[in-house]
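S.K.: This is a predicted model, with the sequence first.
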Amino acid sequence: MEPDKVRFVCMSDTHSLIRNIMFDIPNGDVFIHAGDFTKCGQKDEVISFNKWLGSLPHKHKIVIAGNHEF
């Protein structure tokens with residue numbers, strides 16, 4: 001990556017299906033998940049998503065709650 005640029009990677013609406021993602025998440029400086037990372041906001045879904053999020057190499061991570069995260 002070029003040192004004078006910032007690369008953003010954004011996805012949304014994974015609905016607790018991150019185990020089904022069949023591609024590598026692109027590398028970047030900032031990862032943004034723009035909502036609906038759970039099916040229905042259950043604690044176990046949030047814990048699973050958080051573990052997955054922690055495994056990503058991006059230095060900065062931003063998570064925006066969607067209407068499924070109540």
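M.R.: Everything's here; your move. Everything quoted here is computed from the prediction, not taken from an experiment.
S.K.: The helix or strand harbouring residue 9: what's the following helix or strand?
M.R.: Per DSSP states H and E: residue 9 is located in strand 8-11. Reading on from strand 8-11 to the C-terminus, the next helix or strand found by DSSP H and E is strand 30-33.
S.K.: Mind listing the strands that following strand pairs with, and their directions?
M.R.: strand 8-11 (parallel), strand 60-63 (parallel) (DSSP bridges).
S.K.: out of those strands, nearest to residue 26?
M.R.: Residue 26 lies closest to strand 8-11 among these, at 5.1 Å (C-beta to C-beta). Any C-beta I mention is one placed from the backbone N, CA and C, and that applies to glycine too.
S.K.: List the buried residues for the closest one?
M.R.: Neighbour counts over strand 8-11 (16 or more other C-beta atoms under 10 Å) mark residue 9 as buried.
S.K.: starting at the chain centroid, how far to the strand holding residue 9?
M.R.: Centroid separation between strand 8-11 and its chain, computed with C-alpha atoms, centre = their mean, to the nearest Å, is 8 Å.
S.K.: Just the mean pLDDT for it, thanks.
M.R.: Averaging pLDDT along strand 8-11 gives 98.
S.K.: Please apply the same query to stretch 21-28.
M.R.: What stretch 21-28 shows for mean pLDDT is 90.
S.K.: before we move on, what SS does residue 51 have?
M.R.: Secondary structure, DSSP: H, G, I helix; E, B strand; the rest coil: residue 51 is helix.
S.K.: quick one: residue 33 and residue 62 touch, right?
M.R.: Yes. Using C-beta atoms under 8 Å, residue 33 is in contact with residue 62, at 7.4 Å.
S.K.: higher neighbour count, these two?
M.R.: The residue with more neighbours, out of residue 33 and residue 62, is residue 33; 23 against 12, by other C-beta atoms under 10 Å.
S.K.: Give me the distance between the more buried one and residue 53.
M.R.: For residue 33, the distance to residue 53 equals 7 Å [C-beta to C-beta, to the nearest Å].
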